[in-house]
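Student: For reference, the sequence and a predicted model appear below.
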Amino acid sequence: MFENDEFDIPYSCCVTSYCLYVYSGGCLNKVVYILSQSAFMIGTGAFCVAIVQILGIVFGNMLAKSIRRVKTQEEMNKQNQRHIIYNLQNENYSLKPTSKA
């Protein structure tokens, strides 16, 4: 901070490094001007980011659904194999001759 007898001036307000001259105008008008000139670009960028986010959500849901479907199919295949093995074992058991003495 540049110390004056009356008040302290931040270095960001100084025109030169020696702080001989101080910016007299505020920056609000400049910021409003810059934002109004680049509002279309800012809006376009925000829209593109939103589209990418939405696509990420959609593709993530599609991937989760696909994984769920594959896991369900694998589980059904396991159940069918168990059922087939169980039926074969029961058939073999019922086909064995019972010896009566």
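Tutor: Thanks, I have it. Numbering: from 1, shown residues only.
Student: tally of neighbours for the nearest residue to residue 42 once chain neighbours are set aside?
Tutor: With sequence-adjacent residues excluded and distances taken as C-beta to C-beta, 6 or more residues apart in numbering, residue 42 is closest to residue 35, at 7.4 Å. For the C-beta atoms, the positions are set from N, CA and C on the backbone; glycine is no exception. Burial measure for residue 35: 10 neighbouring residues, criterion other C-beta atoms under 10 Å.
Student: which residues sit against the host helix or strand of residue 35?
Tutor: Following DSSP states H and E, one finds residue 35 within helix 28-37. Contacts with helix 28-37, where a contact means C-beta atoms under 8 Å, 6 or more residues apart in numbering, come from residue 42.
Student: Strands along this protein, start to end?
Tutor: 2-3, 8-9 (DSSP state E).
Student: Ranked by average pLDDT, which of the ones you listed falls at the bottom?
Tutor: Mean pLDDT is lowest for strand 2-3 out of those, coming in at a mean of 53.
Student: which helix of this protein spans the most residues?
Tutor: helix 39-95 (DSSP state H).
Student: For that helix, name the packing helices and strands.
Tutor: Taking 3 or more C-beta pairs under 8 Å, 6 or more residues apart in numbering; DSSP states H and E as contact, there are no helices or strands that helix 39-95 lies on.
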